[in-house]
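A.B. asks: Next come a sequence and a model predicted from it.
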Protein chains: 2
Amino acid sequence: MSRITIVGGGLVGSLLAIFLAKRGHTVNVYERRGDPRKVDVYAGRSINLVVSHRGWTALRAAGVDETVKAITVPVYARMMHDREGNLNRVPYSIDNKAIYSVSRGELNRRLLTEAEKFPNVTLHFDHRCMDVDLQNATAHFQREEGDHVVVEADVVFGSDGAFSAVRQKMMMGRFTYSQEYIEHDYKEVAFPANADGTPKMDPQCLHIWPRRWFMMMGLANQDGGFTGTLFMPNTHTENAPGFDTVRTPEQVQAFFKAHFADALPIVPDLMDQYLRNPQSSLVIIRCNPWQVNGKVALIGDAAHAIVPFYGEGMNAGYEDCKVLNDLLNEHGDDNWAEVLARYAAKRKPNGDAIADLSLRNFVEMRDLVADPKFLLRRKIEGHLQAKHPDKWLPLYSQVKFSDIEYKDAWKEGLRHDRIMEEVLAMEGVEEKWEGDEVERRALELVRSI
Amino acid sequence: MSRITIVGGGLVGSLLAIFLAKRGHTVNVYERRGDPRKVDVYAGRSINLVVSHRGWTALRAAGVDETVKAITVPVYARMMHDREGNLNRVPYSIDNKAIYSVSRGELNRRLLTEAEKFPNVTLHFDHRCMDVDLQNATAHFQREEGDHVVVEADVVFGSDGAFSAVRQKMMMGRFTYSQEYIEHDYKEVAFPANADGTPKMDPQCLHIWPRRWFMMMGLANQDGGFTGTLFMPNTHTENAPGFDTVRTPEQVQAFFKAHFADALPIVPDLMDQYLRNPQSSLVIIRCNPWQVNGKVALIGDAAHAIVPFYGEGMNAGYEDCKVLNDLLNEHGDDNWAEVLARYAAKRKPNGDAIADLSLRNFVEMRDLVADPKFLLRRKIEGHLQAKHPDKWLPLYSQVKFSDIEYKDAWKEGLRHDRIMEEVLAMEGVEEKWEGDEVERRALELVRSI
């Protein structure tokens, strides 16, 4: 059995600790921030996340799915809000599958408590990683109180997020790396519950206000409230406003009135929140290699930070942990060089694929969900899937409701695009989409493209 | 007049200091390493570089072209060495233009001495940049002796190379960044002069041993020797060796005998050098934005590290300095917000273009220069240029012998490719390339493509 250092005790680091502790390794987790069970490390921000199929697969393998399930809210559909306040509910799947909304802080606290139940796990908070020796898996930490801690181990995992200190050290060598900020920033706004604790909107839907150049979404919390997130470019253009032109109370009021009028009455302190809450940016990070010398490896956002539009960031990180655990089952617990090389080779293409998929889903959420052609495509795909489940699984279902590798889903999704382009070009498809002719044509294309 | 901090006293930092000192600014240059006039900071490595047209334009504007010229060797042609030792000399231009080989260390020493002649320039060696405050242009340095120096200024320039500390600080914000290592590493080998100081090969040629999957080149030094550089992937493939399969004395001997037989007799200590000299990697760095708040800007490799195959890395950095100087002429010396914004906007697309061009020239040097079709194309282009200099300037000449912006040269180069593809597809072009028909067709294409 090995001595493992995990740098970062967030969502992925805490689950990884559980996986490795169950195997019998000695695990030390070092987290830069304080213990989120004692201090509010999220500074009052109510970020929430979605657990979906891959996340559950990993949580189940680690034996912690039940404790997590208890703090989630199932979400079965997208609810689109148009400018006039009209609603359009579009289920995520034809067979009532759900994704599960969860508070980041609450999930992190649960997993840390689960990890700490293992006698071979020790959690260390307020330890900032300063350096990692890639040759011998020795990590250096600075404590809040100023003293320096040197930790020797057999393997170091960097699960320290998008701005990973472990990765920083790997960048000094031959390391391919990119960070790319998308044009859109975001700002969170909390939607309160009614006075009696009941929700003001359907909590089992992801609410979306798609406005082409910008969008707002709302995801339910367990307390009956929602976390609303506005995504918008910082800089306005001829076509659209930006955070730079929605600054003053008058501008904010006019902006919400024009574009999100139905949200105004349910967020009474919208103006205060908008002016107070920070504007944050969104980054995509890709890098290679994910491991060095069988000694140091990256996992989760440290290896593949992505934009949040598919709700897969955490799920991808959890799948990393599950794949690593499977490889340890297959190749043994003292064969880290082999296991980490295979882990990196298997996961890197999937990290790239989910990065691409997440960007694509941004376009879909912001733009296409308000497009009749897109909605028709969804209906045709649902119809096809219902009649031929062995021949057609929509891309969204592959990503959110299956364990199909992201890279294969992405490839299949591009093939679906080509097929559906042909189908949607059929004369009169709007009327006859449920008919035999469209179905026959689609199946023909499935075989030939 | 402003207080300027320049981080990095290498090739670009020293020239930038001269430009700004001439304008009357107070310039402090902080260099991480020791003074190269006193200590051998290049650790015995004999890196040499090429000064070409853009470099001269900038050096002339700074008034230091003559002192630099004195330490260069003009290079008029590529000399291709095939496996049998046959030579093929291909001039760089039809009108006897040259590029100029120079030792990095010698050039750096000269420019530091020139910079130091200005009373308003102070050079500080052994100062490592630890932090830069992007809001107020305050830089923090750690001295060799351990003390910490805080330097306030109006503007900070990061001319601190591919692994820039200034850029590191900018990356903390909304900053797009990529570093990409190419597959090929390199290793330097010094080719000695004859005992009487005369060169063993034509010093006015860049010698190239193109071998498709790898290549060697040799560039003359002033002492009659050459700096040889072997470019090869680290990892071998089915088709070709890599540094990983050319390791032992036996392997090295066999490798050079098979591929570079004519170089063996002129480098008697080849084996020692090969086994002793480091294997280095090649990185391409792109980032954006190049300046923040009109307070901190990147210049040279810090903004655009490229592969060395066009010999333009330093020239691109010198052109950065010249463009900055022109903008100061145009917009005044106390208008840094305006000047740095324009500098970044103007130079960033050119940095991207020379990065692309340099990769392209790698393919050309490694591969195409041994291709008869490519050599024929060069001849046709030379013929066209001679007869119609207003209509045809080959890409190489645009990059190396003109001040045409890199981005425009790149665009024009891609147009040339399309034109020449058509010309080379003409029936019997091998025989009639100097004839009227080929010329007419080419001019037709120049007008229409």
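C.D. replies: All right, it came through fine.
A.B. asks: Tell me which residue of the stretch 301-449 of chain A lies closest to chain B.
C.D. replies: Proximity to chain B, evaluated over the stretch 301-449 of chain A using C-beta to the nearest C-beta, is greatest for A:Ala305 at 12.9 Å. C-beta here means a position set from N, CA and C on the backbone, and glycine is covered the same way.
A.B. asks: correct me, but that residue touches A:Ala162?
C.D. replies: Yes - with contact defined as C-beta atoms under 8 Å, A:Ala305 reaches A:Ala162; the gap is 3.7 Å.
A.B. asks: Next, show the common contact partners of the two.
C.D. replies: Here A:Ala305 and A:Ala162 share the contacting residues A:283, A:285, scored by C-beta atoms under 8 Å, 6 or more residues apart in numbering or on different chains.
A.B. asks: Which one of these two is surrounded by more residues?
C.D. replies: A:Ala305 (24 against 18; other C-beta atoms under 10 Å in any protein chain shown).
A.B. asks: For chain A, which residues are neighbours of chain B?
C.D. replies: Neighbours of chain B within chain A, by C-beta under 8 Å from any C-beta of the partner chain: A:171-172, A:174-181, A:281.
A.B. asks: Need the max-distance pair from those.
C.D. replies: A:Arg174 and A:Ser281 (28.4 Å; C-beta to C-beta).
A.B. asks: Who has more neighbours out of these two?
C.D. replies: Neighbour tally, A:Arg174 and A:Ser281, criterion other C-beta under 10 Å: the higher count belongs to A:Arg174, 17 against 14.
A.B. asks: Which of the three states applies to that one?
C.D. replies: Classification of A:Arg174 using DSSP: H, G, I helix; E, B strand; the rest coil returns coil.
A.B. asks: next one: A:Leu414
C.D. replies: Assignment for A:Leu414 (three-state DSSP): helix.
A.B. asks: what's the neighbour count on it?
C.D. replies: A:Leu414 - counted by other C-beta under 10 Å - has 12 other residues nearby.
A.B. asks: Repeat that for A:Leu357.
C.D. replies: 25.
A.B. asks: How about A:Ser2?
C.D. replies: When neighbours are counted by other C-beta under 10 Å, A:Ser2 registers 16.
A.B. asks: same thing with the one 5 residues further on?
C.D. replies: A count of nearby residues for A:Val7, using other C-beta under 10 Å, gives 31.
A.B. asks: what pLDDT does it get?
C.D. replies: pLDDT, A:Val7: 98.
A.B. asks: Distance check, it against B:Pro192.
C.D. replies: According to C-beta to C-beta, to the nearest Å, A:Val7 stands 50 Å off from B:Pro192.
A.B. asks: swap in A:Val283?
C.D. replies: Applying C-beta to C-beta to A:Val283 and B:Pro192 gives a distance of 51 Å.
A.B. asks: my read: A:Asn350 touches A:Tyr406, true?
C.D. replies: Yes - using C-beta under 8 Å as the test, A:Asn350 is close enough to A:Tyr406 to be in contact (4.3 Å).
A.B. asks: what's the overlap in contacts for these two?
C.D. replies: A:Ala316.
A.B. asks: Report the contact partners of the residue of the stretch 301-449 of chain A closest to chain B.
C.D. replies: By C-beta under 8 Å, 6+ apart, A:Ala305 lies in contact with A:161-162, A:179, A:283-285, A:313.
A.B. asks: Between which two of these is the distance greatest?
C.D. replies: A:Gln179 and A:Gly313 (15.1 Å).
A.B. asks: Just want to know which of the two has more residues nearby.
C.D. replies: A:Gly313 (24 against 20).
A.B. asks: Now for the more buried one: which residues touch it?
C.D. replies: A:Gly313 makes contact with A:49, A:301, A:305-306, A:358, according to C-beta under 8 Å, 6+ apart.
A.B. asks: Repeat that for A:Glu434.
C.D. replies: A:His383.
A.B. asks: do the same with A:Val7
C.D. replies: Contacts of A:Val7 (C-beta under 8 Å, 6+ apart): A:13, A:30, A:129, A:132, A:139, A:156-160, A:164-166.
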